[in-house]
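J.: 3D, please:
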Amino acid sequence: MISIIDYGMGNLRSVQKAFEQCGFAAEITGEPGKIEDAGAVVLPGVGAFGRAMAELESRELVEPILRTIRQGKPFLGICLGLHLLFEESSEFGLTKGLGVIPGRVVKFKTGLKVPHMGWNQVSFKSAIPFFRNVQSGSYFYFVHSYYVEPTDVSWVAATTDYGTDFCSAVARDNVVATQFHPEKSQK
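T.: This is a model prediction of the structure:
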């Protein structure tokens, strides 16, 4: 069973429907025990970093997420779910994150319209089993004003250009996380 973490913020049903479309059973849950018992875990998210961390903490979901990752279970972060894996974010003041990935979350400072919203190309920097049938240069759907800056570049699995070349996916071992929304990006 795949557990999709419900912490009061996110596009939960669209993520669940995407897994069902691919033939996988996925359950939306905010129960720590169910998250820890799952075969794989997804941390989706839409909204502000600070509020999301506060929700994860108040619902006692931080430790189950970290244990799941440490145990080597497949883990997927989507959009804000990617951001939360980092050490800190500058969104609405400095806020500490889960600290799984060294680095920070910063706001776009380009002459382009922010938020970055719509379809854009993703260039894969390494082979990621999660995207084994997807060509580098494929288009994915984005909606975000902030992006991640890993201090350990070995985490960078894909980049996208939006006035600056930014990290649009990370991957290492059992952890994959994307800035774009795979559940809204069609096949």
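
J.: quick one: the spatially most distant residue from the centre of the chain and Ser168, what's the gap?
T.: Distance from the C-alpha centroid of the chain, by CA atoms, centre = their mean, peaks at Gly111 (25.2 Å). Per CB to CB, to the nearest Å, Gly111 is found 20 Å from Ser168. For glycine as for every other residue, the C-beta is placed from the backbone atoms N, C-alpha and C.

J.: Show me which positions of stretch 59-78 end up buried.
T.: Buried residues in stretch 59-78, counted by 16 or more other CB atoms under 10 Å: 59, 61-62, 64-65, 68-69, 73-78.

J.: cool, and stretch 119-132?
T.: If you call a residue buried by 16+ other CB under 10 Å, then stretch 119-132 has these buried ones: Asn120, Val122, Phe124, Lys125, Ile128, Phe131.

J.: Stretch 40-54 too?
T.: 40-46, 48-53.

J.: just stretch 160-169 next, same as before
T.: Thr160, Tyr162, Phe166, Cys167, Ser168, Ala169.

J.: Tell me what the first one is bridged to.
T.: Partner residues in beta bridges with Thr160, using DSSP bridges, are Phe166.

J.: So which of the buried residues of stretch 40-54 belong to helices?
T.: Phe49, Gly50, Arg51, Ala52, Met53 (DSSP state H).

J.: From the contact counts, what lies against the helix or strand of the chain with the lowest mean pLDDT?
T.: Scoring the helices and strands of the chain by mean pLDDT, DSSP states H and E places helix 12-21 at the bottom, with a mean of 94. Applying 3 or more CB pairs under 8 Å, 6 or more residues apart in numbering; DSSP states H and E, one finds that helix 12-21 makes contact with strand 2-5, strand 26-29.

J.: got a list of contacts for it?
T.: 2, 4, 6, 25-28, 42, 44, 78, 182-184 (CB atoms under 8 Å, 6 or more residues apart in numbering).

J.: and which of those residues is nearest Phe140?
T.: Minimum distance to Phe140 across these is 6.8 Å, recorded for Pro182 (CB to CB).

J.: Burial check on that closest one, number of neighbours?
T.: As a burial measure, Pro182 scores 19 neighbours (other CB atoms under 10 Å).

J.: can you pull the contacts of it?
T.: Contacts for Pro182 (CB under 8 Å, 6+ apart) come out as Ala18, Ile78, Phe140.

J.: quick one: which of those is nearest Thr151?
T.: For these, the residue nearest Thr151 by CB to CB is Ile78; the value is 21.9 Å.

J.: picking up where we left off before, would you list the contacts of Pro182 in CSV and tack on distance to Tyr146?
T.: As requested, the contacts of Pro182 are exported to CSV (distance: CB to CB, whole Å):
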residue, distance to Tyr146
Ala18, 23
Ile78, 14
Phe140, 17
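
J.: which among the residues you listed gets closest to Val156?
T.: Phe140 (15.8 Å).

J.: Please consider this matter closed, and thank you.
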